Every structure is written in C-alpha cells, then in structure tokens.
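> attaching a predicted model along with its sequence, questions to come.
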Amino acid sequence: MKIAVVGCGITGAYLGWKLAEKGNSVTIFEKRNKIGKEVCSGLISERLWNFIPKNEKLIKNKVNYCRVNFPNKTVTLKFKIPFVVLSHAEMDNYVADLAKKSGANISLNAEIKEIPKEFDKVIGTGGALDTIRKNLKLKEPKNYLGLLCYVNEKDHSDVVDAWPIGDGFCWRIPRGENIEYGIMANPKLARMQFDKFAQQQNFKIENLKAALIPQGLIIPKNKDVTICGGDATGLTKPWSGGGVIWTLTSANILLNAFPNFNSYCVS
C-alpha cells in the first residue's frame, strides 16, 4: 500500500520503519529541515529496547530512583525498571535511519497543510499541533506548557528530583555531562513558577526551551486517515507529560490493526 506519514518524530519514524519492513511504499513528511525533537527530557524506561534495537551510544546517564520533594516530606521511589537519560533528537534520528534502511522515503522541508489525496492511507504523527488532526476537525487536547534549561555542571548520579507545584511539577535530571531543570504547568503560570523555582534551587535560566504538552486522548473514526503518537493524540502521562513508551505501544496497536484503521480506533 502507498502510505503517507506526516511528521518524523519518534512515532512517525517508528511507523515508517515497521510499515516499510512489511513491503509498503512509505513516505514520511517532515516540515522542518532536520529530524529530532529538541525540547524533551529524554528520561525513558529501559522498556524502550523492547521496541527498538538497543543503542548504548544514545545513553547519557542511567537512573534508578525518583525523589519526590513535598513541602513537608521527601519520598524516594525506586524504579522497578531503570530509566535511561538520552537525547530525544538523537533517538529520533536513530529510528529514522532504521526507516530509511527499510525503504521508507523521508522528505524534509515538506510541510503538509491538507490531507494528501494520492495515498491509500494517511497517518498524522505531527506532534502537539498535528495538521492531520486539525484537518479532521477533531477536538483539541488540553495543553500544558513544558519549559526546560541546562546547567553546565556534570552529574552522573542515578536520582531524579521532582517538586509538585499546583497542577504541575518541576524537575531536576542528571544528564551526565550537564543537569536539566524543567517545569510542566499551566501555560499562563509556567514561566513565573519556573523563575521562582530557579531562585529556590539557585540556578540561572539560560537558553530556555519550551514545548506544548497535550493531554486528553483523541482518535478519529476514519477508515483511511488517522493520527498516532503521544502529542498528536494527547496520549501523554498525566503525572509527567512524557510518553515515549505509551507512544510506541499505541503505534504497535496501529500496526497490529493495519490496514483497518477502524479496528485501531476501538482497540
């Protein structure tokens, strides 16, 4: 079948790889001039290697614990399955290379504004502002705002920190060669809360990065056009805003149902 995948993040690259492996003619459209999500903590369970071939070169640090800092108490949680800290952009490129090696065509600088007509199936994987979702006139998910910055200080410890703040939270992630600080919060309050957090933790905000974090699952009922992936469908974890494992799981559900998009919708 002739398939269009609109967006070459982790979801689009993964679907392109797997669909091309099955002998489909796959084109992945990416509106930017390069591949790779740049605003993401890249703190991912080692279950990642159940989906893609393990690549030690992607790993910046390994984490076993999360320390949750409440106002009057601190609780330390041990992960049942360890987490790895990696560059989301490098992971995207790694999987995109797998897609290309399997025969998928990746077209950069290719912004798609309408649903392509010359394909048998179309899958939107374009992130928080997914074009296919908008063209299908689906409801929009609720958006939080994620902000993050890096401090040039080495830290190879295996503990991440979290601080609950209102309906969101702040975090500190040791990335090996540097430290990441971030916040997920109401878009109207996020910057103010992050500034306050920076003062409390005594770090300077430089080269601030921002991204929307959608929440609220949205799947269309359409036999030829669908959307997939955490940000495109609002399938992100309510407690953290992350969701690479959830994203890849939803991609596998779509792959198992393919080419029956109606079956994917009700899976």
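Yep, that arrived. Remember, it's a predicted structure, so these values are computed and weren't measured experimentally.

> switch to C-alpha atoms for all contacts and neighbour counts from now on
Fine.

> now do the domain split for the chain, please.
Per the record, the chain has its domains at 1-39+88-141+216-267, 43-86+142-214, by automatic domain parsing.

> those: lowest mean pLDDT?
The weakest mean pLDDT among these belongs to domain 1-39+88-141+216-267, with a mean of 94.

> give me phi/psi at A190?
Phi and psi for A190, reported as degrees, to the nearest 10, are phi -60, psi -50.

> K60 belongs to a helix?
No - applying DSSP: H, G, I helix; E, B strand; the rest coil, one finds K60 to be strand, outside a helix.

> dump the domains of the chain to a markdown table, plus mean neighbour count.
Output for the domains of the chain, formatted as a markdown table (neighbours: other C-alpha atoms under 10 Å):
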| stretch | mean neighbour count |
| --- | --- |
| domain 1-39+88-141+216-267 | 20 |
| domain 43-86+142-214 | 17 |
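
> what ranges does this protein have for its strands?
2-6, 25-29, 43-45, 59-69, 74-86, 105-107, 121-124, 142-151, 159-165, 168-174, 179-185, 209-215, 225-227 (DSSP state E).

> pipe those strands into a markdown table and attach distance to A13 per row.
Listed next are these as a markdown table, based on distance: least, C-alpha to C-alpha, whole Å:
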| stretch | distance to A13 |
| --- | --- |
| strand 2-6 | 9 |
| strand 25-29 | 8 |
| strand 43-45 | 17 |
| strand 59-69 | 19 |
| strand 74-86 | 17 |
| strand 105-107 | 9 |
| strand 121-124 | 12 |
| strand 142-151 | 23 |
| strand 159-165 | 28 |
| strand 168-174 | 26 |
| strand 179-185 | 26 |
| strand 209-215 | 20 |
| strand 225-227 | 14 |
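
> for N262, which of the ones you listed is the nearest?
strand 225-227 (9.1 Å; C-alpha to C-alpha).

> starting from that closest one, tell me which strands it pairs with and how they run.
strand 121-124 (parallel) (DSSP bridges).

> residues contacting the partner strand, please?
Residues outside strand 121-124 that contact it (C-alpha atoms under 8 Å, 6 or more residues apart in numbering): 1-7, 12, 115-116, 130-133, 224-228, 232, 259.

> ditto for stretch 138-152
For stretch 138-152, contacts defined as C-alpha under 8 Å, 6+ apart pick out 39, 177-187, 190-191, 194, 203-218, 220, 233-234.

> list the beta-bridge partners for L147.
Beta bridges link L147 to I183, A210 when assigned by DSSP bridges.

> no, scratch that, I was asking about S107
F29.

> dump the residue contacts of it.
Neighbouring residues of S107 by C-alpha under 8 Å, 6+ apart: T27, I28, F29, E30.

> what distance do you get for it to F258?
23 Å (C-alpha to C-alpha, to the nearest Å).

> what does T226 give?
For T226 relative to F258 (C-alpha to C-alpha), the value is 11 Å.

> then I28?
17 Å.

> can you check S157 too?
Distance from S157 to F258, counting by C-alpha to C-alpha: 42 Å.

> repeat that for A162.
From A162 to F258 the distance is 39 Å (C-alpha to C-alpha).
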